[in-house]
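In: Just need the structure, nothing else, for what follows:
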Amino acid sequence: MDCSAASTTLHFHHHTPKRLQISPKFQNLKTHITRRSLIILTSTLSLPTPLSLSSSEVTPTRQPDVTITDRVYIDLSICPNYFRPDRTLGDDEYTACEETEPLGRVVIGLYGKQVPLTVSNFKQMCIGTSTGSSYKGTLVHKIFPGEYFIAGKQGRRDKGEVKPPYDELARNTETVESRAFLLQHSRPGVVSLCLSENDDEDEIKLDPEYRNVEFLITTGPAPTPQLDGRNIVFGTVLEGLDVVTTIAAIPTYKPSDRIRQFNDLAEFFGDERAQSARNIWNRPLKTVYISDCGELKVAKPLLSPSLP
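Out: Next up, the predicted model:
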């Protein structure tokens, strides 16, 4: 018997709305509903189900592209005489720090397909802009032990900060794109653009031509999930992770509990000095700075590392 024929014979009479009337042709048949027959019947009747959605109507989640498109290097050193009045570190015309103690080189692979604008700006700051904005000669100004360190704060060159790259870099529209925040800070050596952790001065941020170039590198050993979804991961350390862990072990300024309480109280009452005081918290007690940086040209790129 053709199930489609049987289904067309079933009909309702208007004078008996509550009773199913079956054609005499099928009245002598015994009713025996099995799971298989029920499936066939429902498929014949073309009942709408979630399974009837076509594959084109389902939007798959796009995986982040961690192909390494560019490589840059950052040489890090300790400058023992940074706080001496005759220091040259941070001057408008950079001169090598005397008695420099090299820490080593960190090679960073950049995810240019995932966040091209962020990568382009970071690479340009490693190479140096035409007006002298560069990471070269600037400080690692915050270290959070067991988590990450921050560099690239904008401000005054005589303080070892980055000269603001006004009109030098493209405006980074990726800071408002959800796709830019897919990667996580799940291991040591993750490099990301500081947004939530940014220490740039408000007067600099309020400039209409402001370009954020402050970055952080996770030091491990544990993940830092508090950074996820708030800062843009744009690269990973390929070489020199030992240099990163060496920096992480440098002692930092830690305020006492009483100072923290006073600071919280001052912030509560709107005292602007509270924020200024916090700027020195977690500052390394040794002067760590970027002694050199630039781009590395690689003829045959290696396979991209595992997803951070």
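
In: C-alpha only now, for contacts and for neighbours.
Out: Noted.

In: Distance-wise, check residue 186 relative to residue 216.
Out: According to Cα to Cα, to the nearest Å, residue 186 stands 14 Å off from residue 216.

In: Tell me where this structure has helices.
Out: Assigned by DSSP state H, the helices in the chain fall at 3-9, 35-45, 116-127, 202-205, 241-248, 257-268, 273-278.

In: ok, back up a step: give me the more crowded residue out of residue 186 and residue 216.
Out: residue 216 (25 against 18; other Cα atoms under 10 Å).

In: ok, for that one, nearest residue in space, not its chain neighbours?
Out: residue 150 (4.3 Å; Cα to Cα, 6 or more residues apart in numbering).

In: what does the average pLDDT come to for stretch 79-92?
Out: The predicted model assigns stretch 79-92 a mean pLDDT of 54.

In: repeat for stretch 245-264
Out: 80.

In: follow-up on the earlier one: surely the residue nearest to residue 216 touches residue 215?
Out: Yes. Taking Cα atoms under 8 Å as the definition, residue 150 is a contact partner of residue 215 at 5.8 Å.

In: which regions of the chain sit below the pLDDT cut-off?
Out: 1-61, 81-97, 256, 260, 262-263, 266-278, 298-308 (pLDDT under 70).

In: all strands of it, in order?
Out: According to DSSP state E, the chain carries its strands in the segments 70-78, 101-110, 140-144, 148-151, 190-193, 215-218, 232-239, 288-296.

In: picking up where we left off before, can you give me the neighbour number for the residue nearest to residue 216?
Out: Residue 150, neighbours per other Cα under 10 Å, totals 24.

In: beta partners of it?
Out: residue 142, residue 216 (DSSP bridges).

In: Can you tell me how far residue 255 is from residue 261?
Out: 10 Å.

In: what do you get for residue 156?
Out: Distance check for residue 156 against residue 261: by Cα to Cα, it reads 30 Å.

In: more neighbours, these two?
Out: Legend: neighbour count by other Cα under 10 Å for residue 156 and residue 261, higher for residue 156 (15 against 12).

In: Quick one: residues contacting the more buried one.
Out: With contact set as Cα atoms under 8 Å, 6 or more residues apart in numbering, residue 156 has these partners: 162, 163.

In: before we move on, the earlier item: can you list the strands of the chain in a markdown table and add distance to residue 165?
Out: What follows is these, written out as a markdown table (distance: least, Cα to Cα, whole Å):
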| stretch | distance to residue 165 |
| --- | --- |
| strand 70-78 | 19 |
| strand 101-110 | 20 |
| strand 140-144 | 18 |
| strand 148-151 | 15 |
| strand 190-193 | 15 |
| strand 215-218 | 15 |
| strand 232-239 | 19 |
| strand 288-296 | 16 |
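
In: wait, which of those is closest to residue 134?
Out: Taking Cα to Cα, strand 288-296 is the member of these nearest to residue 134, at 8.6 Å.

In: Perfect, that will be all.
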